[in-house]
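**Q** Sequence and predicted structure are below.
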Amino acid sequence: MQRRVFIRNIGLGVLAGSMLPTFGSANTFFGSSAGTLVNLGEPLTQIRHGALNLPIALSHNQAIPLDWLQQVHRNIFLSNGFQRNLKNDLDIVSVLLREEEEVEAVQIQLAESKISLMIGEEMFEVVGEESFQEIPTKALNVQFVFGNLDAEQEYHYTLDQNTSVYIQSLSGRIFSNGFELKSDNGLAITGCNALKINAVENSKVLIMTHAG
Amino acid sequence: MKKIRTLQQILPAFKVNMGGIILDQALPQQEVDQIDPFLLVHHLEYKYEPGTKQQDVGVPPHPHRGFAPVTFVFKGGVHHRDSTNVSSVVYEGGTQWMHAGRGIIHSERPAKEVAEAGETWELIQFWINAPSAYKMNEPFYHALQKSETPTVCVDDGKVEVGVVAGEFNDTKGPVTTYQGLQALRFTFDKDGKVEVPVPQTYNAFLYLLDGNLLMNDKDNLKAKDLALLANDGNTITLEAKANTRAILLAGEPINEQLATYGPFVMNTQAEIMQAMRDYQTGKMGVLEEKFD
């Protein structure tokens, strides 16, 4: 398997260091569309022999109102099989994408110091402190972006016209387009041209975008 | 030449909660993550309420890759269904031996009549790691009822030994394995005695479902103990101080890097991620359970 270390910072519209005093004040400025909050539940811890409540293969989580995004679920596989170990457990967000008859599953491993993302047979590692890092390979026309956000900062992320977006906090707490996001939910938005994200805490964020 | 294998350590099983199913876990433990090639020993005993529906209980469909989950049935019956279209019930005294290979989805539920009649379900499930060369083989399932399990009686019938894999007293077990293995099921009447050859190169342990055994004339083993044997000999002796049921598992160690997470057992974390990917995209098949 090919591994690539990715440290590119796309820096689109980042206003690092700005301290806008209120949340939600720029919604109209960015003309964000309505979003749908998707309740995912807390990440599942799986003991050895754990395969509890895994979504059925190829199924579509009907709570996600995006045709191209079928499943998002997070499992923490306990490394010793029965007790939590923050350093050694395997924390994976599993994403199932669909484009017409084609499906692709993307796995995102969350470790202390880095995020690894598997698309096909390629593995990307996201390291460094840049605010937004874009994965160079798409999966079924879906762009993956990771946010590394500082507490009490506001971030603006510009998109192409009429993009649909899914955003989820991997750690920490954020507000995006007026919705509060933590580790147990995500936000699906259609017809979007920008994202406004207010990080309440230091946060790591997953953003998936799809044209149209 | 016979040489006694001594006791290395006793590991009492402890309770774990597997998604609402409370069972005794003898392996893994805090101090012992695996007894290569064995990765897990779960002991479950549960009595159902009369009128229980099979589809509401047991373990629903879930995937596996890279190892063999094996179930010894002690009470009731276990209904196995899988994505290769197998639907099989094994009853008391029998064995379900599955090699997950490159991937399979299966469910494990009490037999319909066991659940509906409110009977007791008792089983041990243990996991045997597969060498990396075989992890992506075609999956297979082998059902062995009690009547199909070679059985040896010793000590005037006070000890009954079911030979599932490997050998005991020139009797061979019928299960095909990827590595040297010995899997024996014991039923002792009180005072029954037996001498058991166990290859010195095999990692080995005993687990007692109940009762009390004296091993090698000195080590006291009680219910729900896992007795890990040292690799310093080739024989153990067992004497029952009470009616006892036990299993002995022994296997040639694989000595490979291990990545065991949830339902998948591979060699690297990247391979675990590949397993999840393949499960999500349907490459391990699909299981639609059909209930009467």
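**A** Right, received. Where do you want to start?
**Q** and after the worst-scoring helix or strand of chain A on mean pLDDT, which helix or strand comes next?
**A** The helix or strand with the lowest mean pLDDT-type score in chain A, counting by mean pLDDT, DSSP states H and E, is helix A:27-30 (a mean of 32). For helix A:27-30, the following helix or strand on the C-terminal side (DSSP states H and E) is strand A:35-39.
**Q** Check which helices and strands that following strand sits against.
**A** Packing partners of strand A:35-39 (3 or more CB pairs under 8 Å, 6 or more residues apart in numbering or on different chains; DSSP states H and E): strand A:185-199. Glycine gets a C-beta too; all of them are placed from N, C-alpha and C.
**Q** ok, now with 10 Å
**A** Contacts defined by 3 or more CB pairs under 10 Å, 6 or more residues apart in numbering or on different chains; DSSP states H and E place strand A:35-39 against strand A:153-171, strand A:179-181, strand A:185-199.
**Q** Mind putting the ones you listed into TSV with mean pLDDT, distance to residue B:10 and mean neighbour count?
**A** Putting the helices and strands packed on strand A:35-39 into TSV (pLDDT from 0 to 100; distance: least, CB to CB, whole Å; neighbours: other CB atoms under 10 Å in any protein chain shown) gives the following:
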stretch	mean pLDDT	distance to residue B:10	mean neighbour count
strand A:153-171	92	41	20
strand A:179-181	95	49	18
strand A:185-199	92	46	21
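**Q** do you know which of the ones you listed lies nearest chain B?
**A** strand A:153-171 (15.9 Å; CB to the nearest CB).
**Q** Around chain A, which positions in the stretch 151-292 of chain B sit nearby?
**A** Proximity of the stretch 151-292 of chain B to chain A is confined to B:259-265, B:268-288 under the rule CB under 10 Å from any CB of the partner chain.
**Q** if we can go back for a sec, mind giving me a markdown table with the helices and strands packed on strand A:35-39 and columns for distance to chain B?
**A** Formatted as a markdown table, the helices and strands packed on strand A:35-39 follow (distance: least, CB to the nearest CB, whole Å):
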| stretch | distance to chain B |
| --- | --- |
| strand A:153-171 | 16 |
| strand A:179-181 | 23 |
| strand A:185-199 | 17 |
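**Q** With distance to residue B:147 added, can I get the ones you listed in TSV?
**A** Shown next, in TSV, are the helices and strands packed on strand A:35-39 (distance: least, CB to CB, whole Å):
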stretch	distance to residue B:147
strand A:153-171	54
strand A:179-181	59
strand A:185-199	54
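**Q** of those, which approaches residue B:25 most closely?
**A** Checking those against residue B:25 by CB to CB gives strand A:153-171 as the closest, at 29.9 Å.
**Q** Please compute how far that closest one lies from its chain's middle.
**A** 9 Å (CA atoms, centre = their mean, to the nearest Å).
**Q** So which residues make contact with stretch A:77-86?
**A** Outside of stretch A:77-86, the residues within contact range by CB atoms under 10 Å, 6 or more residues apart in numbering or on different chains are A:44-51, A:76, A:87-92, A:112, B:14, B:16-18, B:25, B:27-30, B:33-34, B:39-40, B:259-264, B:269, B:272, B:276.
**Q** Any idea which residue is closest to the centre of chain B?
**A** residue B:126 (3.0 Å; CA atoms, centre = their mean).
**Q** need the contact list for the closest residue to residue A:144 other than its chain neighbours.
**A** Leaving aside its chain neighbours, residue A:144 sits nearest to residue A:135 (4.3 Å; criterion: CB to CB, 6 or more residues apart in numbering or on different chains). Counting by CB under 10 Å, 6+ apart, residue A:135 touches A:4, A:6, A:8, A:106, A:108, A:115, A:117, A:119, A:122, A:124, A:126, A:142-146.
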